[in-house]
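> Okay, here's the prediction I keep looking at, along with the sequence it came from:
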2 protein chains.
Amino acid sequence: MLDHTHLAARRSHVASANGHDDFPIQNLPFGLFSTDPEEPERMGIAIGDQILDLEGALEAGLLTGLAAEAIEDAQFIDGWADVLCRGREARVAIRHQVFDLLAEGSRLAGAVAEHLHASRDCTLHVPMRIGDYTDFYAGIVHAKTVGALMRPDNPLLPNYKHVPIGYHGRASSVVASGHPVRRPNGQRKPATETEPSFGPCRNLDYELELGIWIGEGNDLGEPIPIGEAGRHIGGFCLLNDWSARDIQGWEYQPLGPFLAKSFCSTISPWIVTPEAMAPFRHAQPPRPEGDPRPMDYLWDDADQAHGALDLELEVWLMTPGLRAKGLAPFRLSRGSSLGLYWTPAQLLAHHASGGCNLRTGDLLGTGTISVEGGMGSLLEITRGGKEPLALPSGETRRFLEDGDEVRLTARARREGFAGIGFGECRGAISPAPSAR
Amino acid sequence: MLDHTHLAARRSHVASANGHDDFPIQNLPFGLFSTDPEEPERMGIAIGDQILDLEGALEAGLLTGLAAEAIEDAQFIDGWADVLCRGREARVAIRHQVFDLLAEGSRLAGAVAEHLHASRDCTLHVPMRIGDYTDFYAGIVHAKTVGALMRPDNPLLPNYKHVPIGYHGRASSVVASGHPVRRPNGQRKPATETEPSFGPCRNLDYELELGIWIGEGNDLGEPIPIGEAGRHIGGFCLLNDWSARDIQGWEYQPLGPFLAKSFCSTISPWIVTPEAMAPFRHAQPPRPEGDPRPMDYLWDDADQAHGALDLELEVWLMTPGLRAKGLAPFRLSRGSSLGLYWTPAQLLAHHASGGCNLRTGDLLGTGTISVEGGMGSLLEITRGGKEPLALPSGETRRFLEDGDEVRLTARARREGFAGIGFGECRGAISPAPSAR
């Protein structure tokens, strides 16, 4: 393993990488890109404002050993899923070789340069075929705030502090950052109307979440012990779980959210590896006095000591009005991933505890991450639309309007270390199709 | 299209097909089988107690034109998904050629015989990679009966008759008939206990459902009009949505069932095509006086006139006690798929109404099908375990015990036509892994 402290000081011969918010040489996230819609997608690694074409690098003989073997086997089949199913060893082999190729002083800098593409000229794709997408509800401030809107006297249900609450989401409609988000039609019945009707969502919202990629899977019927859960994590991303609140309110009883969520979910397209995140792991914040201790199947000392993630999370809104007036995007919130009540390993161990098989490429969402003063959805910020938000453009927002664009960012920082980021998770709202 | 009346009288040179409950020559369902665990899975068609190896038949030159092309393109890639994404034309081409090959009087009967395998010597697999699995709740008697157990005064929620209620299920744990069903561990908190605990499910149940395979998909953001929904259906199967009732009761608020369902779902492994089911389509039974008319996006005259399915459904239980005494399986229920409140086309059109993209190989479950006198789960039969069922062996059952086997069957019958069936959907309960 690369020594973090030593690593923190290293620089890249790709000039834009040095001091880059998201993609310094310490990050090296995995992604799937194309330079031309007619060309097949290729496996790449982000470095500064460039993308290293790994398939080109392989062909040019720049990769050797396990790294070369993993990319070679993967490139025409299941891509990054074929790498991630091999577990840590293959990720690390690729990471170390690419680090050496991109580090300042690399003898191969000239050869490497031929396989770099400017990110702005590339399209990024969902990095792997997603088998199943599961969304949790681990942001306790979100659960309390939303619960209080619906049940003022009893915001948190009795199971919340015992069970990592989650539900199955829709895998087919997960898209990469930048894909348009079409406002859904659906059934809704506001309290002010006596009959339900079908038409464009009136309360369109975003949700700020982290995504966890499954690396190695487990067999059906074989739970994953909490102490082993960490090694099944293949990487992290940002996730915007777009939500149609009015549709959700009418459809969700008794089986949970369905079409209110399945019209689109946006992810940041780079798989940030557990190795890149290692310096930024953090102790799980202690539970408030009186909260139950997690059950044994969710408890692991090492996980409690450094299984949480310390990421600064921001949400930015750009509207047609802000753009017309030449104003900057408006920051809707700044929060932290330490607001999660469960660690990634706990979510994963719980998911598999009944024998459910997780597969490489499955995606777990943490649930909306809110902290006091930094709420992760408009539902919370505007208190269900009752307290509209005033923007510097003179516009107000209860929920999202057509033409609005939401951008999520995540940054990991630690004293004495180069920080890394996740890249953008961005989506703009386009009008609903005409409703029959 | 083959004329149904003419077709009904035809016989096969495969003797066991004639008069076969499930697989006479009028059915010809698509499946994926293997004869040896070491060999790759192959595409086949059931005929009586035999399976026709389509890949072998192709290699021997027995298929031509579009049928040959579809199997050739599919066999080494995505199998039946590659056929079903082509829509009706490819299904019909295969169906007609195989019909001619298997019909009494076929000149090629001798050559065909070389590609037949006894079903009892074959293993059947999940026929396609399932992208997303969605479970609906369209059995209104089930919804009322279960609702009454929880809310005696208000069994059906206000949305039920307007919205085809559904939720996302787990695709990874869908298995083919015969796969063992391991009792899950999980958190449960019965009303009689003050604290939740983790351990083997105590209230393990089955659910009798039909499955609908998606054939042609739709693009994200592009709803499927109800009038076109039928052509997106690629086939039908039986589905047992095994349910851990105690885990479900504790975990399901507020986001719906999760681990209570995701440990396993069993399907009958044969894709029964819409063409085989055509003679057995039925008018959707009229809604009771006072029920709302489905909204426009769910209403199509042709779908109302013949979009429902007329299938006789049965559930059989075999227990260790029945087996030890040499007794026959016990029939838990006999019902009908006309007990569904929504047609398959309505479920599909609703699913896509917000722009959610359905993909070839996606599976939709109808929800548990109960009719008066024929309940589709033990939860309903034993009234939540309060009225245990007495079996001829002297055993009683609140819920399923280890060693119990549940078998679902579906039969389509119509005066003057050869009936067809779906084959078995069978699973036996094995003990939970030791709980930490």
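Looks like it came in fine.
> Enumerate the residues of the stretch 301-436 of chain A near chain B.
Counting by CB under 8 Å from any CB of the partner chain, the stretch 301-436 of chain A comes close to chain B at A:350-351, A:353-359, A:362, A:433, A:435-436. (Glycine included, C-beta is placed from N, CA and C.)
> again, only using 10 Å
Residues of the stretch 301-436 of chain A lying near chain B by CB under 10 Å from any CB of the partner chain: A:349-359, A:362, A:367, A:430, A:432-436.
> helix, strand or coil for A:Leu239?
Secondary structure for A:Leu239, judged by DSSP: H, G, I helix; E, B strand; the rest coil, is strand.
> OK, contacts around the residue lying closest to A:Gly217 once chain neighbours are set aside?
Nearest residue to A:Gly217, sequence neighbours excluded (CB to CB, 6 or more residues apart in numbering or on different chains): A:Arg359, at 4.4 Å. Going by CB atoms under 10 Å, 6 or more residues apart in numbering or on different chains, A:Arg359 touches A:81, A:85, A:129-132, A:214, A:216-218, A:220, B:171-173.
> Quick one: mark the members of these that sit in strands.
If you go by DSSP state E, the contacts of A:Arg359 have A:Ile214 in strands.
> could you dump the contacts of A:Arg359 to TSV with pLDDT?
Formatted as TSV, the contacts of A:Arg359 follow (pLDDT from 0 to 100):
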residue	pLDDT
A:Ala81	97
A:Cys85	97
A:Arg129	96
A:Ile130	97
A:Gly131	97
A:Asp132	98
A:Ile214	98
A:Glu216	98
A:Gly217	98
A:Asn218	98
A:Leu220	98
B:Ala171	98
B:Ser172	98
B:Ser173	98
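> What mean pLDDT does the longest helix along chain A get?
Longest helix of chain A, by residue count under DSSP state H: helix A:88-102. Here helix A:88-102 scores 97 as its mean pLDDT.
> Give me the next element, helix or strand, following the helix or strand that contains A:Ile45.
Here A:Ile45 sits within strand A:42-47, counting by DSSP states H and E. Moving toward the C-terminus from strand A:42-47, the next helix or strand (DSSP H and E) is strand A:50-53.
> And for that following strand, what's in contact with it?
A:12, A:14-17, A:20, A:23, A:28, A:31, A:33, A:35, A:42-46, A:59-60, A:62, A:98, A:101-102, A:112-122, A:124, A:270.
> related to what we said a few turns ago, report the buried members of the contacts of A:Arg359.
The neighbour count (16 or more other CB atoms under 10 Å in any protein chain shown) marks A:81, A:85, A:130-132, A:214, A:216-218, A:220, B:171-173 as buried among those.
> Nearest to A:Lys325 among those residues?
Of all the buried ones among the contacts of A:Arg359, A:Lys325 sits closest to A:Ile130, with 38.8 Å by CB to CB.
> Would you check how far apart the closest one and chain B are?
Plainly put, A:Ile130 is 9 Å away from chain B if you go by CB to the nearest CB, to the nearest Å.
> Let me see the contact set for the nearest residue to that residue once chain neighbours are set aside.
Leaving aside its chain neighbours, A:Ile130 sits nearest to A:Ala171 (4.4 Å; criterion: CB to CB, 6+ apart). A:Ala171 makes contact with A:126, A:129-134, A:262, A:265, A:361-363, B:131-133, B:168, B:171, B:359, B:362, according to CB under 10 Å, 6+ apart.
> can you tell me which of those residues are in helices?
Reading helices off those with DSSP H, I get A:Ser262.
> Fine, thanks again, bye for now.
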